[in-house]
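# Here is a sequence together with a model predicted from it:
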Amino acid sequence: MNTDDVSLGALRCFVDVATEGSFAAVARRRLVDPSIVSRTIAGLERELGFRLFDRTTRRLNLTEAGAIYLQRAGTLVAELDAARAAASDVLTEPSGLVRITASTAFGTHWLTPRLHRFMQLYPEISVEAMLTDAVVDIAAERIDLALRLAVRPSGDLVATRLMTTRYRVVASADWLARSGNLAAPEDLAAMSCLLLTLPGYRSQWSFRRGGEVRRVLVHGRLAISSPPAIRRAASDGMGPALLADWMVSEDLASGALVDMLPEWEATAADFDTAAWILYPSSAYVPRKVRVLVDWLKQSV
């Protein structure tokens, strides 16, 4: 290994330590002893002629010079990684691990079935899906892309619309035979609805047709934190539910569930909710990520 390679390796180590704020954290990720990381940083400081970090027994902070150096060094390492990845992409099939996050319901019902064919088409790509209803810090968790249901996201992430999301009030044919269909959204106020235990979802549903908007106070004896569980309860004839079209489209097609208000748009939050693909802003997006993004768009 020549001197240039060693210097580049030390530079990468410095950027990682500055990002993680810990020698030990970088050592764990690299599967090496912390003393190796410490010696690498010490060698880089000797080469540069100034200290990069102030070290105490409890904290590791960048010096003023270290912070200035990081601004340029981080950009240089990112550009070198992008250049290497871009060149590699031209020569090889898409490969490597793609880490993706989505809500539990959307990930289970919509994303997972579509990964089967994708992984058949790209056998060199592995996928790790983090399904959680918490908002994941993409940078901290090293996530390549996220699927989120929201109005247009803001922030530093690149956002591309996957699909619009429409909510429907659905019930089973058996329940409708017993209770009758709705003549208007207001009829829901007299019914025991299946409620999602999120703010707003369990108290008020909104409906829109043309320029007309109606808001209905809803109540029910059963409230559940899981949309798939609400879908199951609705299919079992336990009452009407407000569910996303991507969750109930197959049930509506098969007749397992019936759209009670097909002429109305419905929501408990915002009529303009959509499913978005989010990924970190970068001059270069790895090919393994690009092909997954393209596949998801084609799968709508």
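All right, it came through fine.
# show me where pLDDT drops low in the stretch 51-200 of the chain?
In the predicted model, the stretch 51-200 of the chain carries pLDDT under 70 at residues 88-91.
# And the helices in the stretch 51-200 of the chain?
64-91, 104-106, 112-121, 173-179 (DSSP state H, counting those that start in this stretch).
# Flag every buried residue along the third one.
Spelled out, that is helix 112-121. 115, 118 (16 or more other CB atoms under 10 Å). For the C-beta atoms, the positions are set from N, CA and C on the backbone; glycine is no exception.
# next one: it to chain centre, how far?
18 Å (CA atoms, centre = their mean, to the nearest Å).
# got a list of contacts for stretch 57-65?
Applying CB atoms under 8 Å, 6 or more residues apart in numbering, the external contacts of stretch 57-65 come out as 17-18, 21-23, 50-54, 70.
# returning to what we had before: point out the most buried one among the helices of the stretch 51-200 of the chain.
helix 104-106 (a mean of 20; mean count of other CB atoms under 10 Å).
# List the contacts of residue 195.
Each residue near residue 195 by CB under 8 Å, 6+ apart is listed here: 201-202, 218-220, 222-224, 230.
# Who wins on neighbours among those?
residue 230 (27 neighbours; other CB atoms under 10 Å).
# check which helix or strand covers that one.
helix 227-235 (DSSP states H and E).
# can I see the domain layout of this protein?
What automatic domain parsing lists as the domains of the chain is 3-91, 96-163+273-298, 167-267.
# CSV for the contacts of stretch 57-65, including distance to residue 101?
Listed next are the contacts of stretch 57-65 as CSV, based on distance: CB to CB, whole Å:
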residue, distance to residue 101
17, 26
18, 25
21, 23
22, 24
23, 28
50, 39
51, 38
52, 33
53, 32
54, 35
70, 27
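# Need the contact partners of the helix or strand where residue 206 lies.
Assessed by DSSP H and E, residue 206 sits inside strand 204-209. By CB under 8 Å, 6+ apart, the surrounding residues in contact with strand 204-209 are 169, 185, 188, 213-218, 242, 261, 263-268, 271.
# Can you list the neighbours in contact with the helix or strand just after it?
Note on strand 204-209: by DSSP H and E, the next helix or strand toward the C-terminus is strand 212-217. For strand 212-217, the external contacting residues (CB under 8 Å, 6+ apart) are 184-186, 188-189, 203-208.
# could the residues you listed go into JSON lines alongside neighbour count and distance to residue 277?
Output for the contacts of strand 212-217, formatted as JSON lines (neighbours: other CB atoms under 10 Å; distance: CB to CB, whole Å):
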{"residue": "184", "neighbour count": "11", "distance to residue 277": "37"}
{"residue": "185", "neighbour count": "21", "distance to residue 277": "32"}
{"residue": "186", "neighbour count": "13", "distance to residue 277": "37"}
{"residue": "188", "neighbour count": "24", "distance to residue 277": "33"}
{"residue": "189", "neighbour count": "12", "distance to residue 277": "37"}
{"residue": "203", "neighbour count": "11", "distance to residue 277": "31"}
{"residue": "204", "neighbour count": "11", "distance to residue 277": "30"}
{"residue": "205", "neighbour count": "25", "distance to residue 277": "28"}
{"residue": "206", "neighbour count": "20", "distance to residue 277": "26"}
{"residue": "207", "neighbour count": "22", "distance to residue 277": "29"}
{"residue": "208", "neighbour count": "14", "distance to residue 277": "26"}
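# coming back round to it: now, the contacts of stretch 57-65 that are in strands?
Among the contacts of stretch 57-65, the ones falling in strands (DSSP state E) are 53-54.
# Now stretch 169-183 - C-alpha only, CSV.
Extracted as CSV, the C-alpha positions of stretch 169-183 are listed here (Å, rounded to 0.1, in the frame of the first residue of the first chain):
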residue,chain,number,x,y,z
VAL,A,169,-64.8,4.3,3.7
VAL,A,170,-65.2,0.5,3.4
ALA,A,171,-67.2,-2.3,5.0
SER,A,172,-68.0,-5.9,4.3
ALA,A,173,-71.0,-7.0,2.3
ASP,A,174,-72.3,-8.8,5.3
TRP,A,175,-72.2,-5.7,7.5
LEU,A,176,-73.9,-3.7,4.7
ALA,A,177,-76.7,-6.3,4.5
ARG,A,178,-77.3,-5.9,8.2
SER,A,179,-76.9,-2.1,8.5
GLY,A,180,-77.5,-0.6,5.1
ASN,A,181,-75.4,1.6,2.9
LEU,A,182,-74.7,5.3,3.4
ALA,A,183,-76.8,8.0,1.8
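# follow-up on the earlier one: which one of the helices of the stretch 51-200 of the chain lies nearest to residue 299?
Among those, helix 112-121 comes nearest to residue 299, with 4.6 Å by CB to CB.
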